[in-house]
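>>> below are the sequence and a predicted model for it; my questions follow.
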Amino acid sequence: MAQKKRIVVKGGTVVNPGAVAPADVAIVDGLVVEVGQGLDGDDVLDATGCHVSSGFVDLHTHLREPGKEEAETIETGSRAAALGGYTAVVAMPNTDPAQDSVMVVEFVREQGRRAGLVDVHPAGCITVGRAGTALAPYASLAAAGVRIFTDDGNGVQDPLLMRRALEYARDLGVTLAQHCEVSRLTEGAVMHEGSCCSAMGVPGWPALAEELMLHRDIELVRLTGAPMHFLHLSTAGSVELVRRAKADGLPVTAEVTPHHLALDHELLAGWDPVFKVNPPLRTRGDIEALKQGVADGTIDAVATDHAPHAAHAKELPLDQAPPGMLGLETALGVLVTAVAPAPERLCELMSWNPARIAGIDDRHGRPVAPGEPANIAVWDTSEVWTVSRHALASRSTNTPYHGMELRGRNRHTIHDGRVVVRDRKALA
Ligand code: DOR
């Protein structure tokens, strides 16, 4: 029998819950087999100066396939994810056709498998076609392995439909994830409703549109007992609502994006659509409140909302350009630069908590320990690098960080025991 190759990640600091310590990590046949000092192997990855942890898990990735392959494919998005240190992503269902049937969900999963760079876990829709009128077939989607459902891009407006959705989700043991936006309050909105949008004379997206739906859904969680995850929260009021819901013991979780922690609405003053995103960039005060929520545990996860758009669409005038920005390759750097969490907290936000929320903590967000699946990221919080939109693996270039200096970068990624990123370069 052929000898099995032994990969060793050497010279790094291993981050596990309650334990951050220097150690080498040996991997054979898809599993961590040894964690200790002075290990050697057939393929040695240098981790000097790096942290070694379970791979990151993105709760919020738009891969665009099927339907918008000119912006991203499952393969190009997977490559961007692997470069960012991710070993699993939740693929948002606002594809065309939408991920509201077993057929589409299985297509997405299979394309993910073919790319072979990260695990691609398709989210299902809450409503058929994300149209907000009829519930998607949860039972068959859950039976096909879907663990998280969302109409992301749209909030579910109808409170009765949302109540029923939560009741079904509770009984099936799956989680609903809400994009909180009362659409009547955001019609025509281009950016945050505040001083900057008034000066520019464009319609604004008020904080209330997010907070109203969040408040309604927290009350529906209280009524139904179903768990619920809140996507891309952006306002100080939202952080406070989640903080109170958690204090009441409700089963809610919340994510924030790197861009809402780092960028504010005044960037829109130059009319550049690269800064247009939904929910919009908010005020410095909102950013501080989000950071406080990250620090005190109100916010469970950092999720990218990686939203590639082809140049011909994104480079339209501000009012016509679609919202969204790239995030997978820059998330770690933006988080470290803007917040600098301690390594253990960083792993909670980027790996351990999102794996649990996505229902994939059997293979992801695991301790780096013998017998565990080898889904691992090796990252350097001191590396300073300059983002270039031309150097990203994504098929689109709509990064708001072009030309910006970030601190913190992923160096190697191991997915399912295979080195898929080595020294910041992805496998072809
Ligand atoms: O900015 C955004 N872009 N927010 C969303 O909720 C959807 C996303 C997209 O699909 O482009």
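Looks like it arrived, so ask away. Numbering: from 1, shown residues only.

>>> you'd agree residue 350 is up against residue 334?
No: in this structure, residue 350 is not within contact of residue 334 by Cβ atoms under 8 Å, at 11.4 Å. To be clear about C-beta, it is placed using only N, CA and C from the backbone, and glycine gets the same treatment.

>>> of these two, which one has the most company?
residue 350 (30 against 25; other Cβ atoms under 10 Å).

>>> and that one, how far is that from the ligand?
Going from residue 350 to the ligand by Cβ to the nearest ligand atom, to the nearest Å gives 20 Å.

>>> just the buried residues of stretch 82-98, please?
82-95, 98 (16 or more other Cβ atoms under 10 Å).

>>> adjacent strands (with direction) for the host helix or strand of residue 20?
Assigned by DSSP states H and E, residue 20 belongs to strand 19-28. Applying DSSP bridges to the sheet, strand 19-28 is found paired with strand 6-16 (antiparallel), strand 31-36 (antiparallel).

>>> what's in contact with the last one?
Residues lying outside strand 31-36 but in contact with it, judged by Cβ atoms under 8 Å, 6 or more residues apart in numbering, are 6, 14, 23-27, 368-374, 376, 417.

>>> and after that strand, which helix or strand comes next?
Going down the chain from strand 31-36, the next helix or strand is strand 43-46, by DSSP H and E.

>>> give me the helices and strands touching the helix or strand following that following strand, please.
Once strand 43-46 ends, the next helix or strand along the chain (criterion: DSSP H and E) is strand 51-54. Judged by 3 or more Cβ pairs under 8 Å, 6 or more residues apart in numbering; DSSP states H and E, the packing partners of strand 51-54 are strand 6-16, strand 19-28, helix 343-347, strand 376-386.

>>> sort out which residues of the very next helix or strand once past strand 51-54 are buried, please.
Remark: after strand 51-54, the chain's next helix or strand is strand 56-61, criterion DSSP H and E. Neighbour-count burial for strand 56-61, with 16+ other Cβ under 10 Å as criterion, is recorded at 56-61.

>>> just stretch 27-39 next, same as before
So stretch 27-39, judged by 16+ other Cβ under 10 Å, has buried residues 27-28, 32-35, 39.

>>> in PDB, list the C-alpha atoms belonging to it.
Extracted C-alpha coordinates of stretch 27-39, given in PDB (Å, rounded to 0.1, in the frame of the first residue of the first chain):
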ATOM      1  CA  ILE A  27      -2.300  15.900   9.200                       C
ATOM      2  CA  VAL A  28      -2.700  12.500   7.500                       C
ATOM      3  CA  ASP A  29      -5.500  11.400   5.200                       C
ATOM      4  CA  GLY A  30      -7.900  14.300   6.000                       C
ATOM      5  CA  LEU A  31      -7.500  14.200   9.800                       C
ATOM      6  CA  VAL A  32      -5.300  16.000  12.400                       C
ATOM      7  CA  VAL A  33      -3.200  13.200  13.800                       C
ATOM      8  CA  GLU A  34      -0.800  14.900  16.100                       C
ATOM      9  CA  VAL A  35      -0.400  18.300  17.800                       C
ATOM     10  CA  GLY A  36       3.000  18.900  19.600                       C
ATOM     11  CA  GLN A  37       6.500  20.100  19.400                       C
ATOM     12  CA  GLY A  38       9.200  19.100  16.800                       C
ATOM     13  CA  LEU A  39       6.900  17.300  14.300                       C
END
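
>>> could you give the mean pLDDT of that stretch?
For stretch 27-39, mean pLDDT rounds to 98.

>>> distance from the chain centre to it, please.
Computed by Cα atoms, centre = their mean, to the nearest Å, the chain-centroid distance of stretch 27-39 equals 28 Å.

>>> picking up where we left off before, among the helices and strands packed on strand 51-54, which comes closest to residue 330?
Residue 330 lies closest to strand 376-386 among those, at 9.7 Å (Cβ to Cβ).

>>> residue contacts, residue 289?
By Cβ under 8 Å, 6+ apart, the contact list for residue 289 reads 235-236, 239-240.

>>> re the thing from before, how about the helices and strands packed on strand 51-54 in a markdown table, adding distance to the ligand?
What follows is the helices and strands packed on strand 51-54, written out as a markdown table (distance: least, Cβ to the nearest ligand atom, whole Å):
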| stretch | distance to the ligand |
| --- | --- |
| strand 6-16 | 30 |
| strand 19-28 | 34 |
| helix 343-347 | 24 |
| strand 376-386 | 24 |
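
>>> need the pLDDT of the residue in the stretch 51-200 of the chain that the ligand sits nearest to.
In the stretch 51-200 of the chain, the residue that lies nearest the ligand is residue 153 (4.0 Å; Cβ to the nearest ligand atom). For residue 153, the pLDDT comes out at 98.

>>> just residue 1 next, same as before
Here the pLDDT value assigned to residue 1 is 51.

>>> what residues does the stretch 201-350 of the chain put near the ligand?
277-278, 305, 307, 322-324 (Cβ under 6 Å from any ligand atom).

>>> out of these, who's the most crowded?
residue 305 (29 neighbours).

>>> was I right to think that one contacts residue 60?
Yes: with contact defined as Cβ under 8 Å, residue 305 reaches residue 60; the gap is 4.8 Å.

>>> any common contacting residues for the two?
231-232, 257.

>>> thinking again about what came up before, select, out of the helices and strands packed on strand 51-54, the one closest to residue 113.
That would be strand 376-386 among the helices and strands packed on strand 51-54, by Cβ to Cβ, at 19.4 Å.

>>> listing partners with orientation, what would you give for that closest one?
Going by DSSP bridges, the partners of strand 376-386 are strand 51-54 (antiparallel), strand 405-415 (antiparallel).
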